[in-house]
Structure formats: C-alpha cells, structure tokens
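Visitor: Build me a model:
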Amino acid sequence: MTKIKGKTPLILFFILFLFWIIAAETLEIQHLLVGIVVAYSVEIFNRDFLRDFHFYGKKPFLVQIITLINITLVLIKDMIIANIQVAKIVLSPKMPISPGIVTFKTKLKSPLARTLLANSITLTPGTLTIDVDEDIYVVHYLTEQNAVDVQNWAVKSKMLYLDGENNG
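Guide: Just a heads-up that it's a prediction; the model follows:
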C-alpha cells in the first residue's frame with residue numbers, strides 16, 4: 001500500500017464522510033458506521049491515484065482552499081455569462097457564429113491543475129477542450145470572442161498561482 005504524506009487521506013475521508021451524512025439525511029448510528037466504512041474504503045482504494053494528485057505550488061493549505069473557492073466563483077460567473085451569450089446566439093435568426101479551433105500553451109505543471117483547467121474550459125458554454133498534451137491545449141470555440149477569452153481567462157491565471165507560478 002502506498003503511503004501518502006500530508007493531510008490528503010484524512011481530508012478525503014472527512015469530505016467523503018460529510019457527503020455521506022448529507023446524502024443519508026440522518027444521524028442514526030448505523031448510517032454513520034456504514035458511512036465511516038464506505039468513506040474509509042473509498043479513501044484506501046484511491047490512495048495510488050491521490051499520490052500524484054496535488055498542486056505543485058507550495059502555497060499553504062488554507063490559501064489553496066481560498067483560491068479554489070475563488071476559482072469556483074469566477075467559473076460560475078463565467079458560466080452564467082457564457083450561457084446567456086450562447087442563448088442569444090442560438091435564438092438569433094442570423095446565428096452569428098464563427099466556430100474554430102484554437103491552440104494555446106500553459107505553464108501549468110501538475111496533472112490536477114491541467115485537468116481542472118481542461119474541465120473548466122469544457123464546462124463553459126461556447127468552448128470545448130478537444131485535447132490536452134502536456135502543456136498544449138486544443139479548444140473548439142463557438143465565436144472568435146470565445147477564442148480570445150479562453151486564452152486570457154482569469155481562471156487560468158488563478159490556476160497558475162495555485163500551481164506555483166506567482167506571476168499568473
């Protein structure tokens with residue numbers, strides 16, 4: 001069994017257990033015991049996966065959590081804006097789209113940061129991550145503005161900050 005340094009296993013266990021409590025909607029002892037067993041089992045089975053699943057930056061844990069919350073809020077805001085823009089495009093009789101593919105490089109080093117960025121791009125309406133090869137992203141866009149936005153996105157600079165780049 002692989003040893004994981006740090007608080008990652010304990011944090012994962014508590015997150016999974018909290019999710020179990022929320023999903024179970026009860027605090028009966030048998031449900032709590034099953035939740036402990038399930039959360040611990042999931043944590044044990046995922047240890048090898050979690051060993052390399054972290055940001056490479058040396059930011060304190062609290063700073064990482066605050067930055068991730070900030071990224072999530074920016075992503076939600078951008079998703080709402082993009083949803084409205086795509087709805088306007090789709091409902092417009094002229095259908096003003098100019099689809100294409102853009103390629104860009106990033107300085108992200110950790111697999112976690114790369115995966116989060118790729119998924120964030122795909123979650124935002126009007127863009128779709130087609131391929132990620134190390135630091136090169138291939139993204140399909142619906143409009144030319146989407147292509148510009150994805151390359152200068154605030155989420156990308158916040159990911160760089162988390163992953164060890166201070167200049168974003």
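
Visitor: What residues are bridge-paired with the nearest residue to Ile130 once chain neighbours are set aside?
Guide: Excluding the flanking residues, the one nearest Ile130 by CB to CB, 6 or more residues apart in numbering is Val138, at 4.5 Å. Glycine gets a C-beta too; all of them are placed from N, C-alpha and C. Val138 forms beta bridges with Thr103, Asp131, as assigned by DSSP bridges.

Visitor: What number of residues are in the vicinity of Val138?
Guide: Val138 has 14 neighbours, counted by other CB atoms under 10 Å.

Visitor: Show the contacting residues for it.
Guide: 101-103, 129-132 (CB atoms under 8 Å, 6 or more residues apart in numbering).

Visitor: What separation is there between Met79 and Ile101?
Guide: When distance is defined by CB to CB, to the nearest Å, Met79 is 21 Å away from Ile101.

Visitor: which secondary structure element contains Thr129?
Guide: strand 127-133 (DSSP states H and E).

Visitor: and the gap between Asp163 and Gly100?
Guide: 28 Å.

Visitor: Looking at those two, which is more packed in?
Guide: Asp163 (22 against 13).

Visitor: In this structure, where's the longest helix?
Guide: The longest helix of the chain (DSSP state H) is helix 61-91.

Visitor: mean confidence score for that one?
Guide: Helix 61-91 comes out with an average pLDDT of 89.

Visitor: Please apply the same query to stretch 48-55.
Guide: Stretch 48-55 comes out at a mean pLDDT of 64.

Visitor: got it, and stretch 22-40?
Guide: Taken as a whole, stretch 22-40 carries a mean pLDDT of 93.

Visitor: Understood, closing this out.
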